[in-house]
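A.B. asks: what's the 3D shape of this:
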Amino acid sequence: MAMATLGILGKRHAASAGAIVLVLVVGACSGGSSERGLGEVGERYNRGLELQEQGRLQEAIAEYDEAIRLEPKFALAYNNRGAAYGDLGQLQRAIEDLDEAIRLNPQSAPAYNNRGRTYGSLGQSQRAIEDYDEAIRLDPGDANTYYNRGNAYVKLGQPQRAIEDYDEAIRLDPGFALAYFNRGITYSSLGQHQRAIEDFDEAIRLDPGFADTYGARAIVHTVLNDDEAAQRDVERAVELGFDAARLRAMIDETKRLR
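C.D. replies: Down below sits the predicted model:
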């Protein structure tokens, strides 16, 4: 049965599936420096980290710029600056920074994860998966990397492998609402609509303010001929900011196709 649907989401918030390195530098960084320089490098890095967590990405980049100027072998700063460039859509600059972070520290799972996300944004899903594979080899306990690889498998038309990765992300982080949401979308694409509803229910329990989940569940309720439940979800999705005309068009298309 055909249906209109929402796309897989890369992220709910800017850092939800990325990997900035949350390390406050107090006593050391790669490459060595004088005691005076070390203190300033740490201050710049820590300030960049605070700004990045606040979503003030351009300001964060300026702080990382200065940290790297003072300590050119500071792999953590390259990783975080690369992640910031990626979130700003400056993908080639992100790749350059993440290449350098990996060159300076080949054991950096977050840098491979971030470069994988960036390759994914460039439409290079197979290269993204190669980076996620390496990130998982280095750090098999990071739920975000499995989630990101699942998204890449969806883009490559491999939904079963995507579900396996979402399963692992959820096992590692049972509160990972986006993993439930995207697994629900993937189940729905396979015609497993009741399993999709179950995942959307859990995603809503974990994150009741995310409009897309209500929109997706409304579409699946429509497929299942439960128009009353679909209408309730449409109303809630619109209350939370989902575009009413767009969602109504998707519901109408699903009704036409069922």
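A.B. asks: Pull the number of nearby residues for Glu43.
C.D. replies: A count of neighbours around Glu43, defined by other Cβ atoms under 10 Å, yields 15. Just so you know, the C-beta spots here come from the backbone N, C-alpha and C atoms, and that holds for glycine as well.
A.B. asks: Check which residues of the helix or strand where it lies are buried.
C.D. replies: In this structure, Glu43 sits in helix 35-53 according to DSSP states H and E. Across helix 35-53, burial judged by 16 or more other Cβ atoms under 10 Å covers 38, 41-42, 44-49, 51-52.
A.B. asks: Now the strand or helix carrying Tyr214: average pLDDT?
C.D. replies: Tyr214 is located in helix 211-223, with elements delineated by DSSP H and E. Across helix 211-223, pLDDT averages out at 97.
A.B. asks: Buried residues, stretch 188-203. List them.
C.D. replies: Those would be 188, 192-193, 195-197, 199-200, 202-203, for stretch 188-203 by 16+ other Cβ under 10 Å.
A.B. asks: And stretch 152-164, by the same measure?
C.D. replies: So for stretch 152-164, counting by 16+ other Cβ under 10 Å, buried means 152-155, 158-159, 161-163.
A.B. asks: any chance of these in TSV, plus pLDDT, secondary structure and distance to Asp131?
C.D. replies: Below are these laid out as TSV (pLDDT from 0 to 100; DSSP: H, G, I helix; E, B strand; the rest coil; distance: Cβ to Cβ, whole Å):
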residue	pLDDT	secondary structure	distance to Asp131
Ala152	97	helix	9
Tyr153	98	helix	14
Val154	97	helix	17
Lys155	96	helix	14
Gln158	98	coil	17
Pro159	97	helix	21
Arg161	98	helix	16
Ala162	98	helix	17
Ile163	98	helix	21
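A.B. asks: how about those, which pair is most distant?
C.D. replies: Maximum pairwise distance among the buried residues of stretch 152-164 (Cβ to Cβ): 14.2 Å, between Lys155 and Ile163.
A.B. asks: Now stretch 103-121 - C-alpha only, CSV.
C.D. replies: The C-alpha atoms that make up stretch 103-121 are tabulated as CSV, following Å, rounded to 0.1, in the frame of the first residue of the first chain:
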residue,chain,number,x,y,z
ARG,A,103,45.8,12.9,10.7
LEU,A,104,46.8,14.3,14.1
ASN,A,105,44.9,11.6,16.0
PRO,A,106,44.0,8.5,14.0
GLN,A,107,42.2,7.0,17.0
SER,A,108,39.6,9.7,17.2
ALA,A,109,36.2,8.1,16.8
PRO,A,110,34.4,11.5,17.0
ALA,A,111,36.4,12.8,14.0
TYR,A,112,35.4,9.8,11.9
ASN,A,113,31.8,10.1,13.0
ASN,A,114,31.7,13.8,12.1
ARG,A,115,33.5,13.2,8.7
GLY,A,116,30.9,10.5,8.0
ARG,A,117,28.1,12.9,8.7
THR,A,118,29.7,15.5,6.4
TYR,A,119,30.1,12.9,3.6
GLY,A,120,26.5,12.0,4.1
SER,A,121,25.5,15.7,3.7
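A.B. asks: Fine by me, thanks again.
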